[in-house]
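1. Using only what follows, build the 3D model:
(one chain, ligands or ions: 1)
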Amino acid sequence: MSSNNNQSKLVVITGASSGIGATTAVEFAAKGYKLLLLARRLDRLEQLVKDSSNSLSFENTVIHQCDIIQVDQIKEGIEKAKKQFNISSVDCLINNAGVMLLQPLLTQPLSDQNQMFDTNVKGLLNASHAVLKEMVENKQGTIINISSIAGTKSFPSAAAYCGTKHAVHAISETLRSEVAGSKVRVVIVSPGFTESELLGHNEKENSEGFEAMVNSWEMGALKSKDIADAILYAYEAPKHVCVREIKLAPTEQTV
Ligand code: NDP
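-> From the prediction side, this is the model:
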């Protein structure tokens, strides 16, 4: 159920064009929040907002084409949303944009490794930098970082990806201690394997091990709604409660 209070809150979601980010946008819209959705594929963001089967509309949503590596593009989007909604600050940033390119380090192109660090780590730092000052000044705000089970464990063929998600954990834990005194909350949500487009960016030979694992689970992988629900739970916890981390994985996932 939405409340009038929610309509005065601006929530920014990075990587909102598919998977977890898109579903999170739909869930937050249903609760009445004002949204800024960022991603490179503008057509997919448009499609999502135009889809009449969900609560998103151009009235409650600003979409902005943005490569998360470009901090100016993030700031432009935030300014556009503040102006459209007449809201002076971001109440929640969901750092969700990410890529997972699988391959042993020995053979993995450096460009793939750089893309993961640029997106998963530097992109997260860029977006956080764009909102932190005002959150600290206002003594209000929540940053939710989408890490992974790979943020505390490691998997074969995922050295660079695991490195990025371990970095997300380290950055989040440190940032939390830096801004706790300013009443700003830093939350980590760490999913296990979730149905999305994430694996699809890999050559078949690099992803088939993961696919075989998921296909062996009778109950399947998590759905993006499972993660969106966890994000919403953490955000909607009373302001004196900082849900520091939520880890959730398919029941049959052994690692
Ligand atoms: P998807 O591939 O479906 O979504 C990834 C999103 O990130 C897309 O919206 C994509 O948008 C965006 N993105 C990628 N690169 C950039 C960029 N340079 N600038 C802006 N946006 C970018 O995968 P998921 O929904 O699964 O992934 C979401 C997050 O969840 C990621 O951080 C991932 O690491 C994490 N995660 C996923 C798990 C899973 O099993 N699926 C498990 C654990 C964590 P576009 O291409 O339009 O720019």
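2. interface residues of the stretch 101-250 of the chain facing the ligand?
-> Within the stretch 101-250 of the chain, the positions lying close to the ligand (C-beta under 6 Å from any ligand atom) are T119, I146, S148, P191, F193, T194, S196, E197, L198. Glycine gets a C-beta too; all of them are placed from N, C-alpha and C.
3. Tell me how many other residues surround the second one.
-> Looking back up the chat, that one is I146. Residues lying near I146 (other C-beta atoms under 10 Å) number 28.
4. burial count for the residue lying closest to it once chain neighbours are set aside?
-> Nearest residue to I146, sequence neighbours excluded (C-beta to C-beta, 6 or more residues apart in numbering): N96, at 4.5 Å. Number of residues near N96 (other C-beta under 10 Å) recorded here: 29.
5. ok, N96 to F28 distance?
-> Distance from N96 to F28, counting by C-beta to C-beta, to the nearest Å: 12 Å.
6. How much space separates the residue nearest to G200 when sequence neighbours are not counted from the ligand?
-> Closest residue in space to G200, ignoring its immediate chain neighbours: S207 at 7.9 Å, by C-beta to C-beta, 6+ apart. As judged by C-beta to the nearest ligand atom, to the nearest Å, S207 and the ligand stand 11 Å apart.
7. next one: S88
-> With C-beta to the nearest ligand atom as the criterion, S88 and the ligand are 25 Å apart.
8. is it true that that residue touches K82?
-> Yes - contact criterion C-beta atoms under 8 Å: S88 and K82 qualify, at 6.5 Å.
9. between these two, which one's more packed in?
-> K82 (18 against 10).
10. Might you report the residue contacts of the more buried one?
-> Residues near K82 by C-beta atoms under 8 Å, 6 or more residues apart in numbering: L10, S88, S89, V90.
11. which residue packs closest to the third one, ignoring adjacent ones?
-> Spelled out, that is S89. Leaving aside its sequence neighbours, S89 sits nearest to E134 (C-beta to C-beta, 6+ apart; 4.5 Å).
12. Identify each buried residue in the helix or strand harbouring that neighbour, please.
-> Per DSSP states H and E: E134 is located in helix 124-138. Neighbour-count burial for helix 124-138, counted by 16 or more other C-beta atoms under 10 Å, picks out L124, L125, N126, A127, S128, A130, V131, L132, E134, M135, V136.
13. Can you show me the CA trace of that helix as PDB?
-> This file holds the C-alpha atoms of helix 124-138, laid out as PDB (Å, rounded to 0.1, in the frame of the first residue of the first chain):
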ATOM      1  CA  LEU A 124      28.900   2.300  -7.300                       C
ATOM      2  CA  LEU A 125      31.400   4.800  -5.900                       C
ATOM      3  CA  ASN A 126      30.300   7.400  -8.600                       C
ATOM      4  CA  ALA A 127      26.600   7.100  -7.700                       C
ATOM      5  CA  SER A 128      27.300   7.100  -4.000                       C
ATOM      6  CA  HIS A 129      29.400  10.200  -4.300                       C
ATOM      7  CA  ALA A 130      26.600  12.000  -6.200                       C
ATOM      8  CA  VAL A 131      24.200  11.600  -3.200                       C
ATOM      9  CA  LEU A 132      26.300  11.300   0.000                       C
ATOM     10  CA  LYS A 133      26.900  15.000   0.700                       C
ATOM     11  CA  GLU A 134      23.200  15.900   0.800                       C
ATOM     12  CA  MET A 135      22.300  12.800   2.800                       C
ATOM     13  CA  VAL A 136      24.900  13.600   5.400                       C
ATOM     14  CA  GLU A 137      23.800  17.300   5.500                       C
ATOM     15  CA  ASN A 138      20.100  16.200   5.800                       C
END
